Structures are given as structure tokens and as C-alpha cells.
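Provided below are the primary sequence and the corresponding predicted coordinates.
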Amino acid sequence: MREQIEIARNDMGITHSDFQRIFPRLIEDCKNSIVGTETIVNWSSGQKLTVYVSKEKIRNIAVLRIPYVDLRFVFVGFLLHDVERFMVRFDLAFHKGGG
């Protein structure tokens with residue numbers, strides 16, 4: 001069995017719709033993919049990424065209702081530096097502006 005690397009990103013201030021709209025931009029070079037609450041991405045090199053997206057949750061702050069999800073990434077067949085590089089791209093793609 002090939003090495004597996006798992007990474008979690010909790011309390012991401014996004015919705016399922018945000019994830020499904022933005023994530024495909026990060027995997028343009030893949031062989032095939034299925035994007036949803038369990039996203040599976042395969043590359044021709046044999047590498048595989050599965051992203052598990054939790055149910056949407058709501059954080060209430062006074063009158064604000066802020067949606068968020070938890071994400072779990074499972075990388076198979078990747079070197080650690082490739083995972084780190086992907087996660088930097090992921091964080092930049094999902095970064096929201098602020099003051």
C-alpha cells in the first residue's frame with residue numbers, strides 16, 4: 001500500500017457551493033475527478049486525492065449567520081513537499097479578503 005498523508009482544515013468559512021466552484025481550478029491537470037461532498041481526484045501518475053467535506057454548519061454571531069465546513073484531505077502516492085505545495089495553492093484559492 002502506498003503512503004497516505006492526511007490533512008484537516010476545520011472551520012473553513014465556505015459553503016458546499018463555494019467548494020464546488022473553486023476547487024476544480026486547483027486540479028486542472030488531473031486525469032479525472034468527481035467534485036462533491038466526497039471529492040475524488042486521480043492523476044495519470046497514479047496519485048489520488050480524496051477530500052471529505054462535512055455538512056454545512058452555521059456559526060451565529062449576534063445577527064450574523066456564517067456558514068462553514070470542515071475538510072479532510074487524504075493524499076495517496078504524494079511526496080510531502082507536493083502535498084505542502086498543493087495545500088498552499090488551496091489556501092490561497094480559498095482565502096477571503098478582509099481588513
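Now that the structure is in, tell me what you want to look at. Numbering: from 1, shown residues only.

before we move on, which element is F75 in?
strand 64-76 (DSSP states H and E).

ok, residues contacting the following helix or strand past that strand?
Next helix or strand after strand 64-76 toward the C-terminus (DSSP H and E): helix 80-93. Defining contact as Cβ atoms under 8 Å, 6 or more residues apart in numbering, one finds that helix 80-93 is touched by I5, I7, R9, I22, F23, R25, L26, L49, F73, F75, F78. Just so you know, the C-beta spots here come from the backbone N, C-alpha and C atoms, and that holds for glycine as well.

Can I get those residues in TSV including pLDDT and distance to V63?
Output for the contacts of helix 80-93, formatted as TSV (pLDDT from 0 to 100; distance: Cβ to Cβ, whole Å):
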residue	pLDDT	distance to V63
I5	96	40
I7	97	34
R9	95	27
I22	93	27
F23	93	30
R25	91	33
L26	91	34
L49	95	38
F73	97	33
F75	97	40
F78	94	43
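
Tell me which of the residues you listed fall in helices.
I22 (DSSP state H).

Going by distance to N60, which of the contacts of helix 80-93 wins?
Lowest distance from N60 to the contacts of helix 80-93 (Cβ to Cβ) belongs to R9, with 21.4 Å.

in the sheet, who's paired with that closest one?
Beta-bridge pairing for R9 (DSSP bridges): L71.

That one and L71 touch, don't they?
Yes: look at R9 against L71 with Cβ atoms under 8 Å: they come within range, at 4.4 Å.
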